[in-house]
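>>> how would this look folded up:
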Amino acid sequence: MKAYLVAGVHPTIPAASGIRSYVLSLASRLASRGVAVVLIGVGPPAPVAFGEFRSVVATYPTSSYRFLRGLWRYARQCPVEEGAIVHAQRPDDLYPFLGMARGARLICTLHGDPGRGVRERRVLGRYLYGMAERRTLPAARRVISVTESGLRAYVARYPWLESKTSVIPVGVDLAAFRPSDRGAAKAAFGLHDRPTILFAGRFEPEKRVEVVIEAIRGLTQPPDLLLAGQGRLDSRMRALAGGLPVRFLGPVDRIRMPVLLSAVDALVLASSHEGLPTIVLESLACGTPVIATRVGDLSRVLEEGKTGFYFDGSPGALRDLLAMRWDSLLAMRSACARSAEPYSWDRVADRVMEVYDAAL
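Numbering: from 1, shown residues only. Okay, here's the model as predicted:
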């Protein structure tokens with residue numbers, strides 16, 4: 001079996017991207033099961049252990065529009081073998097292969113609802129994405145949704161989609177993400193022995209990083225806040241954090257992320273919408289509690305008072321929680337690690353293989 005994994009990511013350059021983590025972990029597990037894996041992505045050439053990397057855009061990072069143009073060129077110039085799997089991570093990324101890979105088996109994974117973010121950001125993008133979605137989803141042999149909530153959003157638009165969709169959550173590499181010595185982890189990042197919280201992700205409007213920054217403002221003894229990632233709002237977040245105990249780490253490589261998660265006392269997410277963020281499972285696997293807004297499928301993995309806390313998305317509510325429930329967080333580490341065990345990547349990869357087999 002040969003599988004082309006299509007995603008606008010680079011295999012070795014760090015980026016705050018749940019899709020990147022998903023694709024690279026899946027590629028590794030598929031290769032270990034005898035699948036010939038080709039990652040179609042972006043950025044400079046790079047060797048990969050799982051198979052082959054083919055870039056369609058030389059620069060990285062790049063926009064979704066450039067990636068799509070690169071995919072169109074690739075699909076015209078490099079025909080996909082008959083019977084091969086083409087597995088895209090967004091409906092619009094599958095669009096270029098509709099007419100250029102007639103003998104291939106098309107599969108799409110829905111990571112939440114990307115159309116929601118497109119509609120919030122771009123007028124033209126709203127039309128183009130909608131057109132691609134309406135054409136690719138009927139053509140896909142099988143569809144994977146990583147969340148129940150994301151599937152419901154799609155089924156509301158396309159009731160027929162449910163019959164060919166499997167809900168398979170994101171996975172976590174339990175060999176890499178596991179509890180480790182906190183003192184050594186703190187030392188690796190040069191952290192002091194004091195309360196520390198972490199945001200890890202893209203600096204984009206829907207992530208609402210400013211809520212986390214504003215929450216520590218006004219606390220008599222605020223925790224240190226680490227921000228791991230980058231995005232369009234980077235300059236604005238740096239200005240907002242002036243005078244506060246905030247440290248910008250930039251993108252953190254997947255190899256170092258388990259150490260970082262073990263070094264902090266809690267992961268904090270204030271997103272307006274999510275599916276099931278990979279970083280949440282990785283944090284829990286490391287024994288680190290999560291404080292988050294109650295969005296997407298988080299309620300399936302995050303248990304209030306046992307593996308973390310929910311808040312309403314306001315800076316004040318998060319500030320009160322940090323002030324009043326801090327001691328509770330420190331007692332959750334064992335429960336957090338246990339809660340991530342059902343999401344092993346080996347289990348997830350086996351289920352993805354079943355979808356591939358059903359598409360042949």
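>>> where does the stretch 101-250 of the chain have low pLDDT?
The stretch 101-250 of the chain contains residues with pLDDT under 70 at 101, 113-125.
>>> tell me where it has helices.
Assigned by DSSP state H, counting those that start in this stretch, the helices in the stretch 101-250 of the chain fall at 114-121, 123-139, 148-157, 182-188, 209-216, 234-240.
>>> pipe those into TSV and attach mean neighbour count per row.
The C-beta positions use only the backbone N, C-alpha and C, and glycine is treated the same way. Formatted as TSV, these follow (neighbours: other Cβ atoms under 10 Å):
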stretch	mean neighbour count
helix 114-121	17
helix 123-139	15
helix 148-157	17
helix 182-188	15
helix 209-216	22
helix 234-240	14
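>>> can you put those in JSON lines and add distance to residue 263?
Formatted as JSON lines, the helices of the stretch 101-250 of the chain follow (distance: least, Cβ to Cβ, whole Å):
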{"stretch": "helix 114-121", "distance to residue 263": "30"}
{"stretch": "helix 123-139", "distance to residue 263": "38"}
{"stretch": "helix 148-157", "distance to residue 263": "31"}
{"stretch": "helix 182-188", "distance to residue 263": "4"}
{"stretch": "helix 209-216", "distance to residue 263": "17"}
{"stretch": "helix 234-240", "distance to residue 263": "21"}
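>>> quick check: which of those is nearest to residue 281?
Proximity to residue 281 (Cβ to Cβ) singles out helix 148-157 among the helices of the stretch 101-250 of the chain, at 15.5 Å.
>>> which other helices and strands contact the closest one?
strand 105-110, strand 165-167 (3 or more Cβ pairs under 8 Å, 6 or more residues apart in numbering; DSSP states H and E).
>>> out of those strands, which is the most enclosed?
Highest mean neighbour count of those: strand 105-110, a mean of 24 (counted as mean count of other Cβ atoms under 10 Å).
>>> what pairs with that strand, parallel or antiparallel?
strand 85-88 (parallel), strand 142-145 (parallel) (DSSP bridges).
>>> what residues are up against residue 46?
Residues in contact with residue 46 (Cβ atoms under 8 Å, 6 or more residues apart in numbering) are 10, 11, 12, 13, 53.
>>> same check, this time on residue 48
11, 12, 27, 39.
>>> most neighbours among these, please name it.
Top of the contacts of residue 48 by neighbour number is residue 27, holding 26 neighbours under the definition other Cβ atoms under 10 Å.
>>> where does that residue land on pLDDT?
With respect to pLDDT, residue 27 scores 97.
>>> quick one, phi/psi of residue 324?
Note on residue 324: backbone dihedrals following degrees, to the nearest 10 are phi -100, psi -20.
>>> can you pull the contacts of it?
Contact partners of residue 324, counting by Cβ under 8 Å, 6+ apart, are absent.
>>> domain ranges for the protein?
2-171+344-359, 182-343 (automatic domain parsing).
>>> what's the span of the longest one, first residue to last?
Pointing back at domain 2-171+344-359 there. Domain 2-171+344-359 has its terminal residues 13 Å apart, counting by Cα to Cα, to the nearest Å.
>>> number of residues surrounding residue 75?
Considering only other Cβ under 10 Å, residue 75 is surrounded by 21 other residues.
>>> that one and residue 97 touch, don't they?
Yes: if you go by Cβ atoms under 8 Å, residue 75 and residue 97 touch, sitting 5.3 Å apart.
>>> still on that earlier bit, take the helices and strands packed on helix 148-157 and write them to CSV, including distance to residue 318.
What follows is the helices and strands packed on helix 148-157, written out as CSV (distance: least, Cβ to Cβ, whole Å):
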stretch, distance to residue 318
strand 105-110, 29
strand 165-167, 30
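>>> between those, which gets nearest to residue 269?
strand 105-110 (20.0 Å).
>>> re earlier: check the contacts of residue 46 and tell me the two furthest apart.
Across the contacts of residue 46, the longest distance by Cβ to Cβ is 11.5 Å; it joins 13 and 53.
>>> out of those two, which sits in the busier spot?
A count of neighbours by other Cβ under 10 Å puts residue 53 above the other of residue 13 and residue 53, at 21 against 15.
>>> ok, the more buried one - contacts?
By Cβ under 8 Å, 6+ apart, the contact list for residue 53 reads 11, 38, 39, 41, 45, 46, 47.
>>> parallel or antiparallel, which strands does the helix or strand harbouring it pair with?
If you go by DSSP states H and E, residue 53 is part of strand 51-55. Under the criterion DSSP bridges, strand 51-55 sits next to strand 36-41 (parallel) in its sheet.
>>> residue farthest from the centroid of this protein?
The centre of the chain is farthest from one residue, residue 220, which by Cα atoms, centre = their mean lies 33.7 Å away.
>>> so residue 318: helix, strand or coil?
Classification of residue 318 using DSSP: H, G, I helix; E, B strand; the rest coil returns helix.
>>> quick check: it vs residue 216, distance?
Computed as Cβ to Cβ, to the nearest Å, the residue 318 to residue 216 distance reads 9 Å.
>>> on that earlier part again, out of the contacts of residue 46, who's nearest residue 198?
Using Cβ to Cβ, those come closest to residue 198 at residue 13, 21.1 Å.
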